[in-house]
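1. Got a predicted structure plus its sequence, pasted below:
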Amino acid sequence: MERLATSNLRLGIISGGQLGKMLIQDASNWDIITYVLDSDEECPAAKVASHYVKGSYSDYNSVYEFGKKVDLLTFEIEGVNIEALKQLKAEGVKILPDPEILELIQDKGLQKEFYRENNIPTSPFKLYESDSVILEAVDKGEISLPFVQKVRKGGYDGRGVAVVQSQEDFKKMLKAPSIVEEKVEIEKEISVIVARNGHGEIRCYPVVEMIFDPKVNLVDKLICPSSISHEQAEMAQKYAVDIISLLNMEGLLAIEFFIDKKGNVIVNEMAPRPHNSGHHTIESIITSQYEQHLRAILNLPLGSTEMKLPSVMINILGSEGYEGPVLYEGLTQSMAIEGVKIHLYGKKITKPYRKMGHVTVLSSSLEIALEKAEKIKQTIRVKSC
């Protein structure tokens with residue numbers, strides 16, 4: 001607290017994407033000195049950080065040297081070089097969330113084993129070293145179609161996942177150590193963001209409902225509050241509190257769940273950082289997920305997670321067929337709609353389905369917010385000039 005008050009706290013953020021940018025924007029409210037590590041000099045966070053450092057988050061030397069520059073180190077992406085973080089921790093650098101927690105979450109196989117060992121409901125699974133071993137298991141009757149294959153490390157935003165419905169889909173399978181899950185009959189997909197500080201104080205955000213674009217497996221809409229039952233929401237929040245407590249984690253944890261056709265609440269996966277499913281909190285919740293992450297890692301009192309207004313968030317994605325310097329269409333028309341908040345991430349180059357920004361629509365009526373969000377989705381286009 002005293003370091004925060006004297007305005008000389010040096011906070012390091014590994015990776016400078018949009019999550020890092022929005023985290024820095026909240027840190028600037030408290031006059032925190034921010035450092036960001038990223039290989040791209042044009043990354044979204046570079047323009048708002050106090051100091052930009054060029055380097056790769058997966059490179060040992062880049063991460064190690066960066067960590068020596070700061071008082072507190074955090075990250076906005078999972079694929080950080082763990083060995084560098086462990087060495088920094090051994091030398092006394094404060095890293096939150098802890099590298100051991102990140103190491104577990106980096107590996108979806110270890111994640112699933114953590115859920116099973118702690119009686120957290122998750123879809124049945126087995127671990128395999130390669131696609132050929134999976135196919136042998138199918139031949140032996142150990143795996144039944146359909147199933148979902150997920151690479152243990154490196155997958156994100158729908159990448160590293162193969163849904164195998166029939167033998168025709170065998171050609172889509174991924175050649176890497178993987179988990180194979182029974183395919184859940186999904187009714188809804190939801191997310192819960194939970195925070196915990198060093199004193200053990202925990203705050204949960206309201207459950208949000210995620211509507212996915214089936215073509216690219218990215219979030220199309222985020223709805224808060226969700227339409228699930230009160231009992232299902234309470235169960236999801238209970239599991240979120242249980243998980244962050246079992247991990248003894250300090251920071252922000254986003255947990256994605258399935259609601260299956262029978263109404264069961266099932267953990268899918270988690271991320272130890274601010275998350276796409278929490279963008280709406282900037283305007284619709286008293287304390288944004290970014291401020292809450294800072295409060296948690298600085299061991300400050302956690303902020304209120306009370307909802308101010310219902311909201312719908314849509315991602316602004318690069319349009320199919322366009323790649324190059326970005327050109328936005330429809331922003332002016334969208335801004336004319338009451339309750340619309342537009343966030344552009346500052347990425348100079350657009351690519352098909354690249355996350356270029358997001359829009360949050362606020363209204364006292366969720367139905368009206370949904371109608372406005374659909375209109376904005378048809379209005380905004382991300383092209384190239």
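-> Sure, I can see it.

2. C-alpha from now on. contacts and neighbour counts both.
-> Will do.

3. which one in the chain is furthest away from the centre?
-> The centre of the chain is farthest from one residue, Lys140, which by Cα atoms, centre = their mean lies 36.9 Å away.

4. most centrally placed residue in this protein?
-> Mean-position check on the chain, Cα atoms, centre = their mean. Result His275 at 3.0 Å.

5. right, and it touches Leu19 too?
-> Yes: the pair His275 / Leu19 is scored as a contact, 7.4 Å apart, by Cα atoms under 8 Å.

6. where along this structure do the helices fall?
-> Along the chain, the stretches classed as helices by DSSP state H are 2-5, 18-27, 60-67, 82-90, 99-106, 108-117, 131-139, 230-247, 281-284, 289-297, 331-335, 366-379.

7. so which of those comes closest to Gly198?
-> Gly198 lies closest, by Cα to Cα, to one member of the helices of the chain: helix 289-297, at 7.1 Å.

8. Name the residues that touch that closest one?
-> Contact with helix 289-297 is made by 22-23, 26-27, 96-97, 193, 195-198, 250-252, 273-274, 278-279, 281-282, 301-303, as judged by Cα atoms under 8 Å, 6 or more residues apart in numbering.

9. Show the end-to-end separation of stretch 258-274, please.
-> 20 Å (Cα to Cα, to the nearest Å).

10. Number of residues surrounding Glu83?
-> 16 (other Cα atoms under 10 Å).

11. pretty sure it contacts Tyr60?
-> Yes: Glu83 is in contact with Tyr60 according to Cα under 8 Å; the separation is 7.0 Å.

12. ok, back up a step: give me whichever of the helices of the chain is most buried.
-> Ranked by mean neighbour count, these are led by helix 289-297 with a mean of 26 (mean count of other Cα atoms under 10 Å).

13. so where is the protein shaky, pLDDT-wise?
-> 1-6, 157-158 (pLDDT under 70).

14. Report the residue ranges of every domain in it.
-> 2-95, 124-182, 186-384 (automatic domain parsing).

15. want to throw those into TSV with distance to Lys108?
-> Conversion of the domains of the chain to TSV gives the following (distance: least, Cα to Cα, whole Å):
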stretch	distance to Lys108
domain 2-95	11
domain 124-182	5
domain 186-384	8
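
16. how about these, which one is nearest Tyr115?
-> When those are compared (using Cα to Cα), the closest one is domain 186-384, at 8.1 Å.

17. State the distance spanning the first to the last residue of that closest one.
-> First-to-last residue span, domain 186-384, Cα to Cα: 36 Å.
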